[in-house]
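Participant: When you get a sec, could you give me coordinates for this:
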Amino acid sequence: MTTDTIGRGTDPADDALTTQPPPSGRGSDYAALSREVKRSGLLKRRPVYYSVKVGANLLLLAAGWTAFALIGSSWWQLLTAAFLAVMFTQTAFIGHDAGHHQIAASKGVNNVLGRVHADLLVGLSFGWWISKHTRHHAHPNHVDRDPDIADGAIAFTEDQARVRSGAYAWLARHQAWLFFPMLLLEGLALHVAGVRAMFDGTGARTGRATRLAEASMLTAHLVGYLAALFLVLSPLQAVCFLLVHQGLFGLYMGCSFAPNHKGMPMFGKDDKIDFLRRQVLTSRNIRGHRLTDLALGGLNYQIEHHLFPSMPRPSLRRAQGLVRAFCARHGIAYHETGLLDSYAQVLRHLHAVGGPLRPELEY
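Facilitator: Residues are numbered from 1 along each chain as shown. So this is what the prediction gives:
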């Protein structure tokens, strides 16, 4: 990335999940784009779309659990596990939209929808996710500021890879090959992170009643889920169902979020860049059609979503042409590629990051 594509500007402090960031001035590029988007009516709520979407999703989720109860103790339940993995991910997408206040005009209604879909139906902590995802939206691919590229199982920068030793060093050396297998553990990791946040207080800063409600829904999900598995299935079938269901859920979730930013330009902790370029340059769109929109929950319009996080999901497709044309007029790189190519770019990045740990092969 050449330096002439990077703008220098202020770093707006803002709740990036729910509101548009304050532009640095009426003449800023983002302010101009925002005015175009608002004139087009793309930020208006879409109650009919979300009523149908939420209703259909709940019916399919209920159908999955009904089939589970009717089939009973059978190895055919592994097919039910695969179906429910898809439905859990689709339900999590609705929780994501509610967290961004895309669904309703009322913040309270969005929060209730988010907690029901995330905590109760999927078993993911909505409060923990809000806290983490807000920081990601404010500083995508910004080293030491974006929690999604913090040092963990995957090394996202060469500096992270160089300081590793032992098993973590081996993991970083081979992380491109292990990336998709590791996603099979992502679902369980999300459950564990949410429960841990509930106990250590690292979730969203909410009132005691809200935290109690969230803890109650998470507990209800966990107890109900495990009870259903071990009461209906044999112990071995229950364990296999859990592994297939949670593994495919994690894989689907990971494959939906991985193309968004991994392998895109990253900024150091001291870099300054204006909001518009920070969001566009670090995001990758996935080319496709309406089936792609459904499968990826609208996350394939990552650039538009990061620029206008409260924009309802069905408006993102319409906003794409407007945003792409604006970026072309202002010389801002707008990256869009196919789904399979996006995975190839992610794997090449992860392989390059592990390069310093493979001196005998790379240097």
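Participant: can you give me the helices in the stretch 201-350 of the chain?
Facilitator: 208-232, 235-257, 275-281, 290-295, 302-307, 316-329, 339-353 (DSSP state H, counting those that start in this stretch).
Participant: which stretches of the protein have low pLDDT?
Facilitator: Along the chain, segments meeting pLDDT under 70 span 1-27, 201-206, 360-363.
Participant: what's the nearest residue to residue 144 if we skip its chain neighbours?
Facilitator: residue 269 (4.4 Å; C-beta to C-beta, 6 or more residues apart in numbering). C-beta here means a position set from N, CA and C on the backbone, and glycine is covered the same way.
Participant: picking up where we left off before, which one of the helices of the stretch 201-350 of the chain lies closest to residue 40?
Facilitator: Evaluated over those, closeness to residue 40 peaks at helix 316-329, with 6.5 Å, by C-beta to C-beta.
Participant: what does that closest one contact?
Facilitator: Under the criterion C-beta atoms under 8 Å, 6 or more residues apart in numbering, residues 29, 32-33, 36-37, 40, 42, 280, 285, 290, 293, 298, 301, 303-305, 307-308, 311, 333-334, 336 lie in contact with helix 316-329.
Participant: ok, 7 Å please
Facilitator: Identification of contacts with helix 316-329 by C-beta atoms under 7 Å, 6 or more residues apart in numbering yields 33, 36-37, 40, 42, 280, 293, 298, 301, 303-305, 307-308, 311, 334.
Participant: in that helix, what counts as buried?
Facilitator: Across helix 316-329, burial judged by 16 or more other C-beta atoms under 10 Å covers 316-317, 319-320, 322-324, 326-327.
Participant: I'd like the distance from that helix to the chain centre, please.
Facilitator: Offset of helix 316-329 from its chain centre (C-alpha atoms, centre = their mean, to the nearest Å): 22 Å.
Participant: Can you get me the centre-to-centre distance for the strand or helix carrying residue 54 and its chain?
Facilitator: For residue 54, the element it lies in under DSSP states H and E is helix 47-71. Between the centre of helix 47-71 and the centre of its host chain there is 22 Å, according to C-alpha atoms, centre = their mean.
Participant: helices and strands around that helix, which ones?
Facilitator: Packed against helix 47-71 by the contact rule (3 or more C-beta pairs under 7 Å, 6 or more residues apart in numbering; DSSP states H and E) you find helix 77-99.
Participant: Does anything pack onto the helix it packs on? Which helices or strands?
Facilitator: If you count contacts as 3+ C-beta pairs under 7 Å, 6+ apart, helix 77-99 packs onto helix 47-71, helix 107-115, helix 126-138, helix 235-257.
Participant: Let's have those in TSV, adding mean neighbour count and distance to residue 86.
Facilitator: What follows is the helices and strands packed on helix 77-99, written out as TSV (neighbours: other C-beta atoms under 10 Å; distance: least, C-beta to C-beta, whole Å):
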stretch	mean neighbour count	distance to residue 86
helix 47-71	14	9
helix 107-115	17	20
helix 126-138	22	20
helix 235-257	19	7
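Participant: So which of those helices is nearest residue 194?
Facilitator: Nearest of the helices and strands packed on helix 77-99 (C-beta to C-beta): helix 126-138, 4.8 Å.
Participant: After the closest one, which helix or strand is next?
Facilitator: With elements assigned by DSSP H and E, the helix or strand that comes after helix 126-138 is helix 158-162.
Participant: Tell me the buried residues in that following helix?
Facilitator: Neighbour-count burial for helix 158-162, with 16+ other C-beta under 10 Å as criterion, is recorded at 160-161.
Participant: In CSV, list the C-alpha atoms belonging to it.
Facilitator: C-alpha atoms of helix 158-162 as CSV (Å, rounded to 0.1, in the frame of the first residue of the first chain):
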residue,chain,number,x,y,z
GLU,A,158,5.6,-10.9,12.4
ASP,A,159,6.4,-9.2,15.8
GLN,A,160,3.8,-11.5,17.4
ALA,A,161,5.4,-14.5,15.7
ARG,A,162,9.0,-13.6,16.6
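Participant: quick one: it to chain centroid distance?
Facilitator: Mean C-alpha position of helix 158-162 versus that of the full chain (C-alpha atoms, centre = their mean) differs by 24 Å.
Participant: so what's the residue positioned nearest the centre of the chain up against?
Facilitator: Nearest to the mean C-alpha position of the chain, by C-alpha atoms, centre = their mean, lies residue 257 at 4.8 Å. By C-beta under 7 Å, 6+ apart, the residues touching residue 257 are residue 299.
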